[in-house]
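Undergrad: Pasted the sequence and its predicted model underneath.
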Amino acid sequence: MSQSLDTLQAALQAALGDSIQALVRARGELTLTVAADRYLAVAKMLRDDTTLGFEQLVDLCGVDYSDYRNEPWDGRRYAVVSHLLSLRHNWRVRLKVFCPDDELPAIASLNEVWNSANWFEREAFDLFGIIFEGHVDLRRILTDYGFIGHPMRKDFPTTGHVEMRYDAEQKRVVYQPVTIETREITPRVVREDNYGGLH
């Protein structure tokens, strides 16, 4: 395994050179971080370079790094993380890119490189509000068309903004402000004298 990772790491460094911002090796995996302006070119290189041969995009997701690990995050808020697979060489790499603008997160679409990116990018747009420039059909995929906001952002309220229900009188679905009261739930602690056979 480590010999294969050594080979992959050397191949990535040789092919991508100064396009690599970071190349982290942890838990038997490689994570490649590139700048936003080099993202599309690097993706094409990862697919087309015969020494790399990443012909398949397995997964793509958005990440909101604000309050990362319950600690302040010093860096860009939104990232896009892709998992790539080379069937030819039997290896994987994680490709990470940070969106340059936290107010309007936007990044190039990988749809022209791997068509499997289509729905993954739509999901990241829907849930995180990340715009994929050049995407062929960027619209919501999981939430309702009238949904306001992006529910996987860490500042989105857990109760949401509106709730929907079926109104029998109007014979249609209606939206109304959330009626759930926020409350803190504390687990019940059971204390018995002989609990678990302890005296």
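TA: That came through fine.
Undergrad: Can you give me the buried ones in stretch 101-118?
TA: Neighbour-count burial for stretch 101-118, with 16 or more other Cβ atoms under 10 Å as criterion, is recorded at Pro105, Ile107, Ala108, Ser109, Leu110, Asn111, Val113, Trp114, Ala117, Asn118. Glycine gets a C-beta too; all of them are placed from N, C-alpha and C.
Undergrad: Tabulate those residues in a markdown table, adding columns for distance to Val42 and secondary structure.
TA: Output for those, formatted as a markdown table (distance: Cβ to Cβ, whole Å; DSSP: H, G, I helix; E, B strand; the rest coil):
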| residue | distance to Val42 | secondary structure |
| --- | --- | --- |
| Pro105 | 19 | coil |
| Ile107 | 12 | strand |
| Ala108 | 10 | strand |
| Ser109 | 14 | coil |
| Leu110 | 10 | coil |
| Asn111 | 16 | coil |
| Val113 | 10 | coil |
| Trp114 | 13 | coil |
| Ala117 | 14 | helix |
| Asn118 | 19 | helix |
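Undergrad: Just the closest of those to Ile131, please.
TA: Checking these against Ile131 with Cβ to Cβ, the nearest one is Pro105 at 6.7 Å.
Undergrad: Next one: that closest one from Thr33, what distance?
TA: Pro105 sits 16 Å away from Thr33, going by Cβ to Cβ, to the nearest Å.
Undergrad: And His150, by the same measure?
TA: 23 Å.
Undergrad: Wait, a helix at Leu85?
TA: No - with DSSP: H, G, I helix; E, B strand; the rest coil as the criterion, Leu85 is assigned strand and is not in a helix.
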